[in-house]
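Undergrad: Sequence below, structure please.
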Amino acid sequence: MNEPETDKPDIVLAYATQFKKDLPRITFPSLAWLGIAAVAMIAVFMTGCASTTDTDQPGESAEMASMVADARAAADAGEYRYAVDLLMQALETSSDPTVARQAAQLASAIDDWPAATVAAARWMVLEPESRQAAQFATIAALRQQRVARAVEILRAQLVGEGNPMDWASATALLATAGTDQTATAALELLLEQSEGFEPGFDDYLRSRLAWQLDRQQQAFDLARKALRLRPDYERALWAARLARSREQPELALAYFRQAGQFDPDDRVAAIAEVELLRELGRGEEALDVLARLPQDAEILYTRGVLEQDLGRIAAAGATWQRMASLAPDEAGARHAWLTGLLAEILELGDQAIDWYARVDGELESRADLRRAILLAGRGELTQARALLADVRRSPQPEITEQAWLVEGQILAESDSPEQALVLLSEALTQLPGSAALLYARAMAAVNQEQLALAEQDLRTIIQSDPENAVALNALGYTLSDRTDRQREALRLIETALALEPENPAILDSMGWVLFKLGRAEEALPYLREAADAEPHPEIVAHLIEALWSLDRQDEARDLVARTRGEMAGDPVYEATLKRIGLD
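TA: Predicted coordinates:
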């Protein structure tokens with residue numbers, strides 16, 4: 001289980017939901033969750049197998065390189081057991097830590113813990129400073145219930161030269177043990193063999209492990225006990241995070257403030273308090289907290305967004321001006337990115353484009369995505385598409401994927417739906433396994449009445465992820481809205497609704513398919529709930545039509561009167577009113 005409330009600042013571009021400008025969460029840094037995901041380990045192995053070996057004997061090196069190449073080919077073909085056997089054979093004579101790493105990773109991915117133990121041990125010998133090698137060795141020991149050995153490795157990491165691992169990371173690692181009993185036994189043995197703890201630190205560590213094991217009440221009780229025994233910054237912050245995750249906002253605020261008292265200049269607890277106050281609609285209090293912090297780009301950005309939320313547009317503009325004029329030594333590494341982002345939020349399009357163009361480093365590609373959207377919004381499609389073509393050269397697959405999605409959206413919104421479909425098909429030749437691109441092409445295909453292609457793409461997503469509620473709903477709604485396959489549509493939508501019972505889009509789909517089946521009375525509660533949660537023109541149109549069909553014309557007319565001003569022009573909304581005679 002992940003650390004509570006540790007989202008990092010980001011802007012998410014989602015094809016299906018247009019391009020909303022959401023305030024990135026500015027919270028505290030997260031500690032890495034150290035569990036093993038088989039797919040991730042296999043992916044790491046397959047991208048790492050190109051590494052060359054390094055042995056003294058040229059003949060052995062060539063033979064080993066051949067084994068590693070064969071192992072990669074086997075893994076590519078899904079023959080992971082054979083790939084592990086080849087790597088373990090190569091490891092017998094190899095002095096290359098890369099071979100040991102690959103063997104440990106792939107053996108762990110297929111739950112071959114004895115092989116992972118041998119490979120990780122060899123890896124630790126060949127690369128003694130590798131923290132990852134020690135982590136794999138610890139996990140392999142835990143998975144075989146070798147608690148004493150796991151603790152031995154962990155203690156060396158915790159008390160070794162330079163203290164390469166911290167206690168919080170150690171408890172997260174213990175949570176990968178496979179059973180709660182093994183994880184708990186390992187922590188208790190680790191505590192028993194350790195010395196010099198301050199009062200309550202053992203309960204603090206037990207709290208962290210309990211959280212990882214999804215024992216939330218126990219984690220919270222232990223955190224509060226640890227804080228009572230010896231109040232300090234770290235424990236107060238942890239208790240605050242847990243209180244927030246348990247939806248106890250006032251208690252969380254009290255703990256965040258307690259943490260801040262130990263270090264008034266620390267921004268972690270203060271920013272967490274600001275974020276929570278904003279969620280509670282207490283923006284003025286949040287501004288007061290921000291005023292106590294050094295006014296760099298991060299703080300000014302957050303301040304500007306809060307002022308905009310409160311409707312203080314002039315104040316937000318002044319904050320942006322102050323932010324834009326920061327001297328380099330006080331601006332911070334993300335200055336250009338955040339200045340562009342705030343300009344975009346404040347609808348200062350030209351300034352946003354200018355500042356996004358100044359971003360470099362790891363955020364440059366994301367800034368270029370935003371810049372392309374803004375350029376397209378003012379009709380400069382050629383420049384926008386050229387920029388996106390450059391972004392697609394990024395070595396980061398997720399950035400490449402987003403660039404394709406953004407360009408597809410731009411084409412769809414610029415009355416070039418055929419080009420959008422062609423582009424997304426090209427994108428899928430480059431990233432054939434992308435669920436996001438498959439979904440985007442399915443929606444583009446629906447718009448072009450290519451329902452067979454849309455169904456194919458959505459079923460491909462569902463086949464690889466049977467619990468993908470979005471794809472299930474999209475296919476169900478498409479079948480209901482565009483074909484006469486209503487009962488098949490109903491089964492798909494029922495499955496989606498069971499997975500996400502409060503999703504407005506799925507509630508609307510359920511109402512609509514029931515309406516199409518002639519069950520308008522049953523449809524009404526779903527459509528009402530959907531429209532209340534998400535008053536989208538298409539959802540409201542469905543509710544209007546259902547009311548009209550049930551001879552509730554006065555209610556339907558009242559709903560039209562309340563929504564027409566803001567929804568006029570939407571094609572589905574207008575077509576519905578025309579069909580029932582309310583245009």
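Undergrad: Going by C-alpha atoms from here, please, whenever you check contacts or count neighbours.
TA: Will do.
Undergrad: Can you list the buried residues in stretch 72-88?
TA: Buried residues in stretch 72-88, counted by 16 or more other CA atoms under 10 Å: R72, A73, A74, A75, Y80, A83, V84, D85, L86, L87, M88.
Undergrad: and those as CSV, adding pLDDT and secondary structure?
TA: Shown next, in CSV, are the buried residues of stretch 72-88 (pLDDT from 0 to 100; DSSP: H, G, I helix; E, B strand; the rest coil):
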residue, pLDDT, secondary structure
R72, 83, helix
A73, 85, helix
A74, 83, helix
A75, 79, helix
Y80, 87, helix
A83, 87, helix
V84, 88, helix
D85, 91, helix
L86, 89, helix
L87, 90, helix
M88, 91, helix
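Undergrad: could I get those as JSON lines with distance to L497?
TA: What follows is those, written out as JSON lines (distance: CA to CA, whole Å):
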{"residue": "R72", "distance to L497": "41"}
{"residue": "A73", "distance to L497": "41"}
{"residue": "A74", "distance to L497": "40"}
{"residue": "A75", "distance to L497": "37"}
{"residue": "Y80", "distance to L497": "36"}
{"residue": "A83", "distance to L497": "41"}
{"residue": "V84", "distance to L497": "41"}
{"residue": "D85", "distance to L497": "44"}
{"residue": "L86", "distance to L497": "46"}
{"residue": "L87", "distance to L497": "45"}
{"residue": "M88", "distance to L497": "47"}
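Undergrad: Just name the closest of those to Q450, please.
TA: Q450 has its nearest neighbour among these in A75, at 36.4 Å by CA to CA.
Undergrad: Help me confirm that the closest one comes into contact with L87.
TA: No: contact between A75 and L87 fails when scored by CA atoms under 8 Å: they sit 11.0 Å apart.
Undergrad: Of the buried residues of stretch 72-88, which is the nearest to A444?
TA: Comparing the buried residues of stretch 72-88 against A444 with CA to CA picks out A75 as the nearest, at 34.6 Å.
Undergrad: Not counting sequence-adjacent ones, nearest residue to that closest one?
TA: Once flanking residues are discounted, A75 sits nearest to A83: 5.8 Å by CA to CA, 6 or more residues apart in numbering.
Undergrad: just S434 next, same as before
TA: Closest to S434 by CA to CA, 6+ apart is L428, at 7.2 Å.
Undergrad: And for A420?
TA: G408 (4.8 Å).
Undergrad: Against E79, how distant is the closest residue to A568 other than its chain neighbours?
TA: Closest residue in space to A568, ignoring its immediate chain neighbours: E574 at 6.8 Å, by CA to CA, 6+ apart. According to CA to CA, to the nearest Å, E574 and E79 sit 56 Å apart.
Undergrad: got it, and A156?
TA: In terms of CA to CA, A156 sits 36 Å off from E79.
Undergrad: How many residues are close by the residue nearest to S434?
TA: By other CA atoms under 10 Å, the residues close to L428 number 18.
Undergrad: Any chance of the backbone angles for it?
TA: phi -70, psi -20 (degrees, to the nearest 10).
Undergrad: just the one 5 residues further on next, same as before
TA: Dihedral angles of G433 (phi, psi; degrees, to the nearest 10) stand at phi -100, psi 10.
Undergrad: same thing with Q321?
TA: Here Q321 shows phi and psi, under degrees, to the nearest 10, equal to phi -60, psi -40.
Undergrad: what's the distance between it and I299?
TA: 14 Å.
Undergrad: Which of those two has more residues huddled nearby?
TA: Between Q321 and I299, I299 has the larger neighbour count (other CA under 10 Å), namely 17 against 14.
Undergrad: average model confidence for the strand or helix carrying that one?
TA: Per DSSP states H and E: I299 is located in helix 297-309. Model confidence over helix 297-309, given as mean pLDDT, is 94.
Undergrad: Show me how far it is from its chain's centre.
TA: Centroid separation between helix 297-309 and its chain, computed with CA atoms, centre = their mean, to the nearest Å, is 23 Å.
Undergrad: same thing with stretch 459-478?
TA: 19 Å.
Undergrad: One more: stretch 505-513?
TA: Counting by CA atoms, centre = their mean, stretch 505-513 comes out at 26 Å from the chain centroid.
Undergrad: now do stretch 342-353
TA: 25 Å.
Undergrad: try stretch 458-465
TA: Chain-centre distance of stretch 458-465: 20 Å, with CA atoms, centre = their mean.
Undergrad: what's the answer for stretch 155-175, then?
TA: Relative to its chain's centre, stretch 155-175 lies at 26 Å (CA atoms, centre = their mean).
Undergrad: Between the two ends of that stretch, what distance do you get?
TA: By CA to CA, the extent of stretch 155-175 from end to end equals 16 Å.
Undergrad: Same question for stretch 82-101.
TA: Start-to-end, stretch 82-101 (CA to CA) is 17 Å.
Undergrad: helix or strand for E344, which one?
TA: Per DSSP H and E: helix 335-345 holds E344.
Undergrad: For the stretch 51-200 of the chain, which segments count as helices?
TA: Under the criterion DSSP state H, counting those that start in this stretch, the stretch 51-200 of the chain contains helices at 58-76, 80-91, 97-109, 113-126, 131-143, 147-159, 167-174, 180-192.
Undergrad: So for A316, which of those helices sits nearest?
TA: With CA to CA as the criterion, A316 lies closest to helix 167-174 of these, at 38.7 Å.
Undergrad: Please look at A119 and A100 and confirm they touch.
TA: Yes: contact criterion CA under 8 Å: A119 and A100 qualify, at 5.2 Å.
Undergrad: Please enumerate the shared neighbours of the two.
TA: Contact criterion CA atoms under 8 Å, 6 or more residues apart in numbering; residues shared by A119 and A100: L91.
Undergrad: Compare the two and say which one has the larger neighbour count.
TA: Between A119 and A100, A119 has the larger neighbour count (other CA under 10 Å), namely 31 against 28.
Undergrad: Please determine how far the more buried one is located from L126.
TA: 11 Å.
Undergrad: got it, and Q402?
TA: Taking CA to CA, one finds Q402 at 39 Å from L126.
Undergrad: So which of these two has more stuff around it?
TA: With neighbours defined as other CA under 10 Å, Q402 and L126 compare such that Q402 has more, 23 against 18.
Undergrad: which stretch of helix or strand covers the more buried one?
TA: helix 397-413.
Undergrad: Which elements pack onto that helix?
TA: helix 364-377, helix 381-391, helix 417-430, helix 435-447 (3 or more CA pairs under 8 Å, 6 or more residues apart in numbering; DSSP states H and E).
Undergrad: Show me what the first one is in contact with.
TA: In this case it means helix 364-377. 337, 349, 352-353, 356-357, 359, 381, 383-385, 387-388, 391, 394, 399, 402-403, 406, 410.
Undergrad: now do the third one
TA: Contacts of helix 417-430 with the rest of the structure, by CA under 8 Å, 6+ apart, involve 401, 404-405, 407-409, 411-412, 434, 437-438, 440-441, 444-445, 447-448.
Undergrad: just the last one next, same as before
TA: Under the criterion CA under 8 Å, 6+ apart, residues 15-16, 401, 404-405, 408, 412, 417, 420-421, 424-425, 427-428, 451, 453-455, 457-458, 461, 471, 478 lie in contact with helix 435-447.
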